[in-house]
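**Q** the amino acid sequence is not available; the structure is as follows:
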């Protein structure tokens, strides 16, 4: 597993879906994960340091974990299957360590609130990631204008090509 951080939160201009970009701590590889608007808002609010008088949904889980004597130690983005990413919350209570299956978007929102570390499988960064680089000379397909969006039954090669041509600036900024 490779330690990652939230690099940015954007809006895919093709699908109009929010995208959270995770970047490896010790490198340039990134992992884009398309997420729902509610989870994107939860992530954006935490990144912006917005606090509310009453707990929101993603504030409840850390409160419950702490109330039961545990704490979230880390989040693992473990795999992708049929264009769906899977994550695990790793919780410690005393000497006991256990994992809970969760969606990556919820896991990231919760990890940000608890300051837990984020990790992604190296194979995810290798096979479903793109390097942030300027377009190559002679590249006639601008970033963000690839015909097939992720989640539309793409093969792994089509996803790689989509991500290779995707320019992070084309994602836009997500505002909750």
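**A** That came through fine. Quick caveat: nothing in here was measured; it's all calculated off a predicted structure.
**Q** hmm, who's touching stretch 39-48?
**A** For stretch 39-48, the surrounding residues in contact (CB atoms under 8 Å, 6 or more residues apart in numbering) are 6, 9, 18, 20, 35, 56-58, 103, 105-106, 108-109, 112-113, 174-176. (C-beta placed from N, C-alpha, C; glycine too.)
**Q** kindly report the same for stretch 118-125.
**A** With contact meaning CB under 8 Å, 6+ apart, stretch 118-125 is reached by 1-6, 22, 24, 29-31, 74-80, 85, 108, 111.
**Q** hey, what's the nearest residue to residue 1 once chain neighbours are set aside bridged with?
**A** Once flanking residues are discounted, residue 1 sits nearest to residue 119: 3.9 Å by CB to CB, 6 or more residues apart in numbering. Judged by DSSP bridges, the bridge partners of residue 119 are residue 3, residue 76.
**Q** distance of residue 119 from residue 57?
**A** 23 Å (CB to CB, to the nearest Å).
**Q** have a look at those two and say which one is more surrounded.
**A** residue 119 (22 against 12; other CB atoms under 10 Å).
**Q** follow-up on the earlier one: filter the contacts of stretch 118-125 down to the buried ones and hand me the ChimeraX line.
**A** Buried residues among the contacts of stretch 118-125 (16 or more other CB atoms under 10 Å), as a ChimeraX selection:
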select :2,4,6,22,24,29,30,31,74,75,76,77,78,80,85,108,111
